[in-house]
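Student: Sequence first, predicted coordinates after that:
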Amino acid sequence: MSIFRQVPLYFTISCAEVFFTFVGKLEFFYEQARDAKRGPCSALSLVTVALGQYWSSLVTIVTKISTRNEVLNGYLMI
């Protein structure tokens with residue numbers, strides 16, 4: 001099975017994440033939150049995205065280190 005078969009799936013999920021989830025959260029904060037809370041709510045939303053990116057990096061590093069052996073440099077080729 002080729003990795004290129006997954007490209008359309010990842011592209012579709014990424015577009016849905018950007019256009020619906022992120023934009024929907026910002027729209028919700030600007031419509032439902034009070035004026036004084038719009039900035040902190042948007043900032044908190046972006047902080048959760050950043051923490052998710054850090055978590056993903058940590059999982060990738062741990063996976064690469066834990067699967068390393070003499071023959072291969074790890075399960076992930078990065």
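Tutor: All right, it came through fine.
Student: Could you list the buried residues of the lowest-mean-pLDDT helix or strand in the chain?
Tutor: Among the secondary structure pieces of the chain, namely its helices and strands, helix 23-32 has the lowest mean (mean pLDDT, DSSP states H and E), a mean of 83. With burial defined by 16 or more other CB atoms under 10 Å, the residues of helix 23-32 counted as buried are Lys25, Phe29. For the C-beta atoms, the positions are set from N, CA and C on the backbone; glycine is no exception.
Student: and that helix, how far out from the chain's middle?
Tutor: From the chain centre to the centre of helix 23-32 is a distance of 19 Å (CA atoms, centre = their mean, to the nearest Å).
Student: From the contact counts, what lies against whatever helix or strand comes next after it?
Tutor: As assigned by DSSP states H and E, the chain's next helix or strand after helix 23-32 is helix 38-66. Applying 3 or more CB pairs under 8 Å, 6 or more residues apart in numbering; DSSP states H and E, we find helix 38-66 packed against helix 23-32.
Student: For Phe22, which residues are in contact?
Tutor: In this structure, Phe22 makes contact with Ser45, Val49, judged by CB atoms under 8 Å, 6 or more residues apart in numbering.
Student: Lovely, talk soon.
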